[in-house]
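Undergrad: structure for the following, please:
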Amino acid sequence: MKYLRMAAWAAGMAWLVGCASAPRVVVVEPVGPPPSGGAQELGDGSLVIYSARTKADVGVNEAEWRYNNDLGKNDFLFEPAHTDYVIYTQRGEVFRRVRNARGPSDETPAQVRVPAGSYRVAAEGLSCDSSRVALLISVVVKSGQTTIAHLDGDWNPLGQFDEPKLARLPCGRIIGWRAAEPGLAMNQSDSQSN
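TA: The predicted model follows:
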């Protein structure tokens, strides 16, 4: 079991230092459910990740047609669907691989039910200059509540809020609500196995 954990940790580190084109960013601030999350319940919570949109597979003629129809914003380069991501336990083991869309035109990300606890998520997102980056974020899921991470661009919460309650990328872009507890706590299944 010790070697399995070591192999999972090494695989996670290999992902961080791999040779893909997107730079790697590790977000220190854990993302959690909204501060007014409601009463604690027993059972699972939910996780929704608005990862970067998938790249469109367009030919030259279609690209020209799309370019003329989006007024040069280059929005035609991407489909509405969000990219897939991986959820890891705090020990670095793969918990679940998430297909984040039913098809290229599905703009609603998947809502995944997971046991309450802390996880790490490896997903593609956008940095402050809108370049694509590979992100590794900590998320905290609470029973009966939904944790949402907005990695696909600008998101600003509605209403009054305190700055310390917001989780941000290192460049300053807001990605969600900051979890009240540290993001490195073990999830329930990890703590039961000890």
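
Undergrad: what's the spacing between residue 154 and residue 128?
TA: Applying CB to CB, to the nearest Å, the value for residue 154 to residue 128 is 9 Å. Heads up, the C-betas are built off the backbone N, CA and C, glycines and all.

Undergrad: show me what the host helix or strand of residue 88 is packed against.
TA: Using DSSP states H and E, residue 88 falls within strand 85-89. With contacts taken as 3 or more CB pairs under 8 Å, 6 or more residues apart in numbering; DSSP states H and E, strand 85-89 sits against strand 94-98, strand 117-126.

Undergrad: ok, 10 Å please
TA: Secondary-structure packing of strand 85-89 (3 or more CB pairs under 10 Å, 6 or more residues apart in numbering; DSSP states H and E): helix 2-16, strand 44-50, strand 94-98, strand 111-115, strand 117-126, strand 132-141.

Undergrad: give me the low-pLDDT residue ranges for the chain?
TA: Within the chain, the ranges that satisfy pLDDT under 70 run 1-22, 37-41, 54-80, 103-105, 160, 181-194.

Undergrad: kindly format the C-alpha coordinates of the strand holding residue 88 as CSV.
TA: What follows is strand 85-89, C-alpha atoms only, in CSV (Å, rounded to 0.1, in the frame of the first residue of the first chain):
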residue,chain,number,x,y,z
TYR,A,85,-10.9,17.0,-15.3
VAL,A,86,-9.6,14.6,-12.6
ILE,A,87,-10.4,14.5,-8.9
TYR,A,88,-7.7,13.3,-6.6
THR,A,89,-7.8,12.4,-2.9
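
Undergrad: tell me the SS of the closest residue to residue 110 other than its chain neighbours?
TA: Leaving aside its sequence neighbours, residue 110 sits nearest to residue 100 (CB to CB, 6 or more residues apart in numbering; 5.2 Å). What DSSP: H, G, I helix; E, B strand; the rest coil gives for residue 100 is coil.

Undergrad: for residue 100, give me its contacts.
TA: Residue 100 makes contact with 48-54, 81-85, 106, 108-110, 112, 123-124, according to CB atoms under 10 Å, 6 or more residues apart in numbering.

Undergrad: just the buried ones from these, in ChimeraX syntax?
TA: A single ChimeraX command selects the buried members of the contacts of residue 100 (16 or more other CB atoms under 10 Å):
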select :48,49,50,51,52,53,54,81,82,83,84,85,109,110,112,123,124
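
Undergrad: partner strands of the strand holding residue 88, parallel or antiparallel?
TA: strand 94-98 (antiparallel), strand 117-126 (antiparallel) (DSSP bridges).

Undergrad: hey, which of the ones you listed is tucked in deepest?
TA: Mean neighbour count (mean count of other CB atoms under 10 Å) peaks for strand 117-126 among these, with a mean of 23.

Undergrad: now do that strand against strand 44-50, angle only.
TA: Calculated by axes from the mean of the first three to the mean of the last three CA atoms, to 10 degrees, strand 117-126 forms an angle of 10 degrees with strand 44-50.

Undergrad: all set, thanks.
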